[in-house]
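A.B. asks: Next comes the sequence, and after it the predicted model I'd like to discuss.
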Amino acid sequence: MPALITCDAHRCSHCNVDAGTPEDYHTLAHLHYRSGPPATIARDAHGRPSILAARDDEGRLAGVLVVSMPTLNGAWRSLAWPGRFDTGDKHRDALEINRSLRCLSRVIVEPRFRGQGVARSLVRAYLESPLTPCTEAVAAMGHLCPFFASAGMTAYPLPPSARDARFADALASVGVEVWELLEPDAAARTLSQHPWLAREARTWANNSQGTRKHRDADPLALLLLAASHAAQPPVAYAHSR
């Protein structure tokens with residue numbers, strides 16, 4: 001795991017990053033926008049969970065970073081690493097992905113420490129001594145919180161998901177752009193004029209495990225939620241050492 005480092009002095013002068021524990025992750029897990037834990041937590045050469053923790057000078061937990069095994073499919077990989085993971089031999093590609101690639105699956109900052117460069121410092125600390133030559137991350141809020149890029153990773157914007165594309169098409173059929181619904185009054189007017197959009201928003205919520213719990217929410221709240229997601233398509237990030 002990376003050795004102790006100090007965060008950027010001008011942004012996070014009282015925060016250190018060192019090896020963390022599953023308990024550190026569970027302490028802040030409820031603050032992450034994705035529901036549920038990552039599918040896996042990668043382990044280092046000594047069998048320890050690959051987790052970093054940032055703490056202030058008083059020992060208070062400021063943030064955590066969790067490293068996971070990568071998924072086998074990633075549309076951005078052919079751009080980030082041409083030919084390395086898409087040779088046409090699926091078995092060989094899977095072996096190479098598992099051997100040389102890890103994913104930053106969670107970066108969580110405690111609210112009192114946000115805006116101080118903690119997330120960027122966690123990512124930089126990992127990239128200084130990664131488990132594998134290649135590192136990737138996918139951020140649903142990448143456009144709003146580009147700390148992966150500021151830490152040195154290259155951004156690869158992704159196309160909208162199928163459910164976001166369907167929701168955007170439904171809005172386009174009545175002459176409305178997704179970004180127009182980010183303002184609550186405009187969303188309320190649109191919903192009053194086209195009440196069937198509540199059904200589309202419910203379908204959108206039901207098409208992902210992360211938002212399924214919201215499918216019975218107030219129609220206006222659900223419309224705003226769908227719009228906020230569809231207006232911010234995910235961004236993939238990659239880094240090679």
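C.D. replies: Yep, that arrived. Numbers count the residues shown, from 1 in each chain.
A.B. asks: Which strand residues bridge the spatially most central residue of the chain?
C.D. replies: A centroid search over the chain (C-alpha atoms, centre = their mean) returns A139, at 2.8 Å, as the residue closest to the centre. Per DSSP bridges, the residues bridged to A139 are V235.
A.B. asks: That one: what's it in contact with?
C.D. replies: Taking C-beta atoms under 8 Å, 6 or more residues apart in numbering as the criterion, A139 is in contact with C145, F148, P234, V235, Y237. For the C-beta atoms, the positions are set from N, CA and C on the backbone; glycine is no exception.
A.B. asks: cutoff 10 Å now
C.D. replies: Residues near A139 by C-beta atoms under 10 Å, 6 or more residues apart in numbering: 33, 104, 107, 145-149, 153, 155, 158, 232, 234-237.
A.B. asks: following the helix or strand where R92 lies, which helix or strand shows up next?
C.D. replies: Element membership of R92, judged by DSSP states H and E, is helix 90-100. Toward the C-terminal end, the helix or strand that comes next after helix 90-100 (DSSP H and E) is strand 101-109.
A.B. asks: Report the distance from that next one to the chain centre.
C.D. replies: A distance of 8 Å separates the centroid of the chain from that of strand 101-109, by C-alpha atoms, centre = their mean, to the nearest Å.
A.B. asks: Now that strand: buried residues?
C.D. replies: In terms of neighbour count (16 or more other C-beta atoms under 10 Å), strand 101-109 has its buried residues at L101, R102, C103, L104, S105, R106, V107, I108, V109.
A.B. asks: Thanks a lot, catch you later.
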